[in-house]
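Q: pasting the sequence and the predicted coordinates here, then a few questions.
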Amino acid sequence: MATSRLVQESFQNLRVRQFFLTVAQVARTESTRLPLVPLIFLSHPHQLDLSYPPRNRHKQYYGFWLDHQWLIDLGKNVRNPEDRIEPPSENDFWLRGLGEICGAVKINSLTIEMCFQPEQNGAPPEHVDANGRVFVLSVCSDDEADYPVIPSQEQVDYLANLLGRQPRWWVSIWSRIERNQSMQNLRVAQLALAYPP
């Protein structure tokens, strides 16, 4: 009889301990940022007035430098039911932050690109890595294949207000050939996984 009571108390203590560990984990993952307010078009969207830079061997992206930690903090606003079972990682929060921006601004084609820091009007030094590269939230590129995916002026203004800076053109760290080859290799790998021999 004493053994079963001891086992019951052990299980109760384990449940209480697990509850406090879960509460502590949730407290560590709370965001200090407010959730985004979705963009609402009050009239027909206006075409973005965009002039393209001269084409070069590197793809160029139009967008905003991005603080990696800001995106993680934004992602902490997004909760999933399975977070209680398996706490999300920083990468999960990062992806959720990107999804939150895409949903709020209504641009599903937003991407995060690694670009070179320009000589003028680039990111602050603390957001540039040792190799002179910076994360960029890209709204479009100079690639002809991407031309149909050009956001409206209101969408770009929304992002400018959200991020507190104006967009500009950024040069990718990857040449067009390297980028195309890596994308082709990725597609081949995805097909191999989807259709194993």
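A: Structure received.
Q: need the nearest residue in space to Arg74, chain neighbours excluded.
A: Small correction: residue 74 is Leu, not Arg. Once flanking residues are discounted, Leu74 sits nearest to Gly97: 3.9 Å by Cβ to Cβ, 6 or more residues apart in numbering. No exception for glycine: its C-beta is placed from N, CA and C like everyone else's.
Q: is it true that the one you found touches Asp73?
A: Yes. With contacts counted by Cβ atoms under 8 Å, Gly97 reaches Asp73, the gap being 7.4 Å.
Q: so between these two, which is more surrounded?
A: Taking neighbours as other Cβ atoms under 10 Å, Gly97 and Asp73 compare with Gly97 leading, 26 against 17.
Q: quick check: the more buried one vs Asn131, distance?
A: 24 Å (Cβ to Cβ, to the nearest Å).
Q: just Ser109 next, same as before
A: From Ser109 over to Asn131 (counting by Cβ to Cβ), the distance is 27 Å.
Q: now swap in Thr111 and tell me
A: Distance from Thr111 to Asn131, counting by Cβ to Cβ: 20 Å.
Q: more crowded one of these two?
A: Thr111 (16 against 9).
Q: list the contacts of that one.
A: 61, 137-138 (Cβ atoms under 8 Å, 6 or more residues apart in numbering).
Q: tell me the spacing between it and Phe64.
A: Between Thr111 and Phe64 the computed distance is 12 Å (Cβ to Cβ).
Q: which neighbours do those two have in common?
A: Leu137.
Q: give the helix, strand or coil label for Asp49.
A: coil (DSSP: H, G, I helix; E, B strand; the rest coil).
Q: just want to check the distance between it and Glu154.
A: 12 Å.
Q: more neighbours: the two, which one.
A: Comparing Asp49 with Glu154 by other Cβ under 10 Å, the one with more neighbours is Glu154, at 19 against 7.
Q: where's that one, which helix or strand?
A: Assigned by DSSP states H and E, Glu154 belongs to helix 153-163.
Q: which elements pack onto the next helix or strand after that helix?
A: The helix or strand immediately downstream of helix 153-163 is strand 168-175, counting by DSSP H and E. In terms of contacts (3 or more Cβ pairs under 8 Å, 6 or more residues apart in numbering; DSSP states H and E), strand 168-175 is packed against strand 58-65, strand 111-116, strand 133-141.
Q: tell me which of those lies nearest to Ile177.
A: Closest to Ile177 of the helices and strands packed on strand 168-175 is strand 58-65 (Cβ to Cβ; 9.9 Å).
Q: show me what counts as buried in the next helix or strand after that closest one.
A: Following strand 58-65 in sequence order, the next helix or strand is helix 68-75 (DSSP H and E). Of all the residues in helix 68-75, those buried under the rule 16 or more other Cβ atoms under 10 Å are 71-75.
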